[in-house]
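Enquirer: let me see the structure of the following:
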Amino acid sequence: MSKLPLRLLLFLFLFLSSNVSANLEDALASFDSGDYTSALSDFTDLAQQGNYIAQFNLGLMYSRGLGTERDFDRALLLYRQSAQQGVPEAAYYIGNIYDQGIGTDIDVDEAFYWYEQAAEQGFAAGQYAIATMYFNGQSREVDYQQAQIWYEHAAAQEHPDSQYMLGVIYAEGMGVSRDLAKAFGWFKLAAEQDNADAQYNLGSMYLSGQGTEQDHGAALEWFKRASYLGVPQAQTKVGIMYAAGQGSDQDYEEAIRWFLLAAESGDPDSHSLLGNFYLNGYGVSKDNVEAFRWYKIAAEGNDSVARHLVIELASQLSEEEILRGESLAVEWLEKH
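Expert: Got it, this is the predicted structure:
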């Protein structure tokens, strides 16, 4: 589940309070400057006086071990005190504790209850969390319609993960009629807020012309954006598009550069593609040993075609070349 950054939460609460004491301002300033000892002392005094902002922030400090030893039981108590005074962020954090089993056993029913408290108070992360529980059937039966309702509430607050999930719902027709145009619209909103999965899906839809007009240039752009956010499959797609001259001039050297990035990032599809490029000398000098190496790596990942190619290529190599290719494959696999 997504969380607000710690610093943002602290200052968000500063603006939510209409009667912020000088002591609270001092505590917040101490925290922001990294003086956790002073912040802990000031927040403790204020929390004992019933200040819900201090209770929440003190809970954060105990849950993260800032200025003190981690104490999840105490953090949970402080979050409860804050939540009982109407702080939705505190309710959300309690839900997250039970959802993830942070310092306690996982309890999806408790998680659902507290997420719902946060969601009903309009907290977007809480709305996303309760929607996801309905979507996955946690604590309740799978209910795509309820999931959609809560995702829409959060999406209206520009919550990118909720926008992405609405795209999934419409793309797959989960509880609604399948509508690729609506899916595209939601993916685009999420992609523009740097949701990497949405960027990848948007690239795929532009590439295939599903839900929008086919546009190879736009597909390449969105695959690249997803690549920069670490999506290995997007890196492979970029390489394939350069190899095919889609959205750009054909460029085998650029293609193999992307395949190597994808391989390092963990996309198994890139392994056999690298084998093909070394076997045929696309963008690199032809090198059967390197081709053997990458086919061998792909075969270890249960690629049945690659297993066949390993056998076929081995018949063309010397025993020394086979041993070298196998050694290179083992070395790479051990590192990854």
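Enquirer: every contact and neighbour count from this point should use C-alpha atoms.
Expert: Noted.
Enquirer: mind listing the helices for the stretch 51-200 of the chain?
Expert: 52-64, 72-83, 88-100, 108-120, 124-136, 144-155, 160-172, 180-191, 196-208 (DSSP state H, counting those that start in this stretch).
Enquirer: right, and those - which one's nearest residue 316?
Expert: helix 196-208 (37.5 Å; CA to CA).
Enquirer: and the helix or strand just after that closest one, what does it pack onto?
Expert: Remark: after helix 196-208, the chain's next helix or strand is helix 216-228, criterion DSSP states H and E. Packing partners of helix 216-228 (3 or more CA pairs under 8 Å, 6 or more residues apart in numbering; DSSP states H and E): helix 196-208, helix 232-244.
Enquirer: put together TSV for these, with mean neighbour count, distance to residue 327 and mean pLDDT on each row.
Expert: Conversion of the helices and strands packed on helix 216-228 to TSV gives the following (neighbours: other CA atoms under 10 Å; distance: least, CA to CA, whole Å; pLDDT from 0 to 100):
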stretch	mean neighbour count	distance to residue 327	mean pLDDT
helix 196-208	25	34	98
helix 232-244	25	25	98
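Enquirer: JSON lines please, covering the helices of the stretch 51-200 of the chain and showing distance to residue 285.
Expert: Formatted as JSON lines, the helices of the stretch 51-200 of the chain follow (distance: least, CA to CA, whole Å):
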{"stretch": "helix 52-64", "distance to residue 285": "52"}
{"stretch": "helix 72-83", "distance to residue 285": "58"}
{"stretch": "helix 88-100", "distance to residue 285": "50"}
{"stretch": "helix 108-120", "distance to residue 285": "56"}
{"stretch": "helix 124-136", "distance to residue 285": "49"}
{"stretch": "helix 144-155", "distance to residue 285": "50"}
{"stretch": "helix 160-172", "distance to residue 285": "42"}
{"stretch": "helix 180-191", "distance to residue 285": "38"}
{"stretch": "helix 196-208", "distance to residue 285": "30"}
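Enquirer: of the ones you listed, which approaches residue 258 most closely?
Expert: Of the helices of the stretch 51-200 of the chain, nearest to residue 258 by CA to CA is helix 196-208, at 15.1 Å.
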